[in-house]
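K.L.:
next one to model:
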Amino acid sequence: QVQLVESGGGLVQAGGSLRLSCAASGRTFSSYTMAWFRQVPGKEREFVALISESSDSTYYADSVKGRFTISRDNAKNTVYLQMISLKPEDTAIYYCAATIRFFEIRKTEYAYWGQGTQVTVSS
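P.N.:
Take a look at the predicted model:
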């Protein structure tokens, strides 16, 4: 079992930056692929980025590539999402999630989810 708690969301102007954190409970954090998803009310939850168990591999949605960076610190049981050059269309609730599957972008394959943190980008 993994419990996830996101933090770091907020209101930022277009072009600004934010860093999201996701703290995980449990001693097996390093066994999970970790990912960030986001959701706008009325729309499907969409994949943003993922990182493999040992940080060897990362993968990003085209919409955030070059602007967002996912990282993790297994010693701290934490995954991060550094976001720069934010755009109004990045406004959403951001969720972190964990899966035992390797390099998985399908949200249905993620068993563990945080409660989400709101990111609002003003124009």
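K.L.:
which SSE is residue 2 in?
P.N.:
Here residue 2, judged by DSSP states H and E, is contained in no helix and no strand.
K.L.:
what's near enough to touch it?
P.N.:
24, 25, 26, 28, 29, 32, 98, 112 (C-beta atoms under 8 Å, 6 or more residues apart in numbering). C-beta here means a position set from N, CA and C on the backbone, and glycine is covered the same way.
K.L.:
ok, residue 97 to residue 37 distance?
P.N.:
If you measure residue 97 against residue 37 using C-beta to C-beta, to the nearest Å, the figure is 6 Å.
K.L.:
just flag the most distant two among the contacts of residue 2.
P.N.:
Comparing all pairs in the contacts of residue 2 by C-beta to C-beta, the longest separation belongs to 25 and 32, at 11.9 Å.
K.L.:
who's more crowded, those two?
P.N.:
Between residue 25 and residue 32, counted using other C-beta atoms under 10 Å, residue 32 has the larger neighbour count: 25 against 12.
K.L.:
not counting sequence-adjacent ones, nearest residue to the more buried one?
P.N.:
Ranked by C-beta to C-beta, 6 or more residues apart in numbering and with sequence neighbours excluded, the top spatial neighbour of residue 32 is residue 98, at 4.1 Å.
K.L.:
using the three-state scheme, assign the one you found.
P.N.:
What DSSP: H, G, I helix; E, B strand; the rest coil gives for residue 98 is strand.
K.L.:
what's the overlap in contacts for residue 97 and residue 37?
P.N.:
The overlap between the contact sets of residue 97 and residue 37 (C-beta under 8 Å, 6+ apart) consists of 107, 110.
K.L.:
just the ones of the contacts of residue 2 in strands?
P.N.:
The subset of these located in strands under the criterion DSSP state E comprises 24, 98, 112.
K.L.:
so the first one makes contact with residue 76?
P.N.:
In this case it means residue 24. No. Contact status for residue 24 versus residue 76: not in contact, 9.2 Å apart, counting by C-beta atoms under 8 Å.
K.L.:
neighbour count winner among the two?
P.N.:
The residue with the greater number of neighbours, taking residue 24 and residue 76 and applying other C-beta under 10 Å, is residue 24; the counts read 24 against 12.
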